[in-house]
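A.B. asks: below are the sequence and a predicted model for it; my questions follow.
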Amino acid sequence: MKKLQLPSGKKIYFASDNHLGAPTSKDSLPREKKFVSWLNSIKKDAGAIFLLGDLFDFWFEYKTVVPRGFTRILGKLAELTDAGIPIFYFVGNHDLWMNGYFEEELNIPVFHKPQQYLVNETTSFFIGHGDGLGPDDKGFKRMKKVFTNPVAQWFFRWLHPDWGVRLAQHLSINNKIISGEADAKFLGEDKEWLVQYAKRKLEQQHYDHFIFGHRHLPLEIQLNENSRYTNLGDWISYFTYAVFDGEKLTLEKFRNSSP
């Protein structure tokens, strides 16, 4: 379990599922500007920022090329890390193909699996994007085996970026849940597979907080007397995020109407 010390007066922020670039770069630009405004608003007291995946609707790193655009968000992330604010990135199902750019250019460590943190030696967190976890999500589990296959990635890399990115964006946007065109609905605790996953993890080890994205639905569920599940929602419909002040974790909404 990784240890994280939160300085007095500082907070930890969590956000996920921006899907920048969907359905088009022009349409997602106001959301990108709004997210940058949020990052500006938390800069003064952020002790750490956790981004839990799908910042982009599609991201693939060629050896010398990354997808065009996203200048505002990439520049802001660089500014924050340059200012000494640690940022941690957890890949989602839309940005599985991160391979060094964030680490080298932005000084942001990237994780491909859930991680465990102990904050101030008192509060434990289990953190991940949430895709492919639990008893459901079977369709994605099958696709993920293809997406993460080195041979499949090698063949995709040989596509010209203009064709590769266009193809991936077409496939992504045609998934209505992923592109934000359909509302995710609460299924009930017994059918929320991330809730079931968290409950099973608790049988092995205690965690105070489970934090995930992926569902595009802001959720706070008490798992037992001392453990809580939080889903971060998204930055398409809800503009929600979580904040931990050293004692309490809360789910909040960014209400700045300006982009």
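C.D. replies: That came through, no problem.

A.B. asks: how many neighbours does the nearest residue to Lys185 once chain neighbours are set aside have?
C.D. replies: With CB to CB, 6 or more residues apart in numbering as the measure, Leu217 is the residue that lies nearest to Lys185, at 7.5 Å, once sequence neighbours are left out. (Glycine included, C-beta is placed from N, CA and C.) With neighbours defined by other CB atoms under 10 Å, the count for Leu217 comes to 20.

A.B. asks: for Asn93, see how far away Leu217 is.
C.D. replies: Distance from Leu217 to Asn93, counting by CB to CB, to the nearest Å: 16 Å.

A.B. asks: ok so, going back, the residue nearest to Lys185 contacts Ala184, doesn't it?
C.D. replies: Yes. Contact status for Leu217 versus Ala184: in contact at 4.2 Å, counting by CB atoms under 8 Å.

A.B. asks: can you verify Lys76 is assigned to a helix?
C.D. replies: Yes. Assessed by DSSP: H, G, I helix; E, B strand; the rest coil, Lys76 belongs to a helix.

A.B. asks: tell me how far it lies from Gly132.
C.D. replies: Applying CB to CB, the value for Lys76 to Gly132 is 29 Å.

A.B. asks: my guess is Gly100 contacts Tyr62, does it?
C.D. replies: No. Counting by CB under 8 Å, Tyr62 is not a contact partner of Gly100; they are 11.3 Å apart.

A.B. asks: so those two - more neighbours on which side?
C.D. replies: The neighbour comparison of Gly100 against Tyr62 (other CB under 10 Å) goes to Tyr62, with 18 against 10.

A.B. asks: where does the more buried one fall, helix, sheet strand or coil?
C.D. replies: Recorded secondary structure, Tyr62: coil (three-state DSSP).

A.B. asks: likewise Glu220?
C.D. replies: Three-state assignment for Glu220 (three-state DSSP): strand.

A.B. asks: Leu251 is in contact with that one, correct?
C.D. replies: Yes. Distance between Glu220 and Leu251: 5.5 Å, which falls inside the contact criterion (CB under 8 Å).

A.B. asks: now do the shared contacts for the two.
C.D. replies: With contacts defined as CB atoms under 8 Å, 6 or more residues apart in numbering, the residues shared by Glu220 and Leu251 are Thr230.

A.B. asks: more neighbours, these two?
C.D. replies: Looking at Glu220 and Leu251 with other CB under 10 Å, you find the greater number of neighbours at Leu251, namely 18 against 12.

A.B. asks: separation between that one and His206?
C.D. replies: Distance of Leu251 to His206, given as CB to CB: 21 Å.

A.B. asks: Phe14 too?
C.D. replies: Computed with CB to CB, the distance linking Phe14 and His206 is 20 Å.

A.B. asks: Tyr197 should be in a helix, yeah?
C.D. replies: Yes. Assessed by three-state DSSP, Tyr197 belongs to a helix.

A.B. asks: okay but it is in contact with Gly128, surely?
C.D. replies: No. Checked against CB under 8 Å, the pair Tyr197 and Gly128 is beyond contact range at 9.6 Å.

A.B. asks: so between those two, which is more surrounded?
C.D. replies: Set side by side, Tyr197 and Gly128 show unequal neighbour counts under other CB under 10 Å, the larger going to Gly128 at 26 against 23.

A.B. asks: distance of the more buried one from Leu232?
C.D. replies: Taking CB to CB as the measure, Gly128 falls 11 Å from Leu232.

A.B. asks: shared neighbours of those two, anything?
C.D. replies: Leu52, Ile211, Phe212.

A.B. asks: now, which of the residues you listed sits nearest Asn226?
C.D. replies: Using CB to CB, Ile211 is the member of those that sits closest to Asn226, with 15.6 Å.
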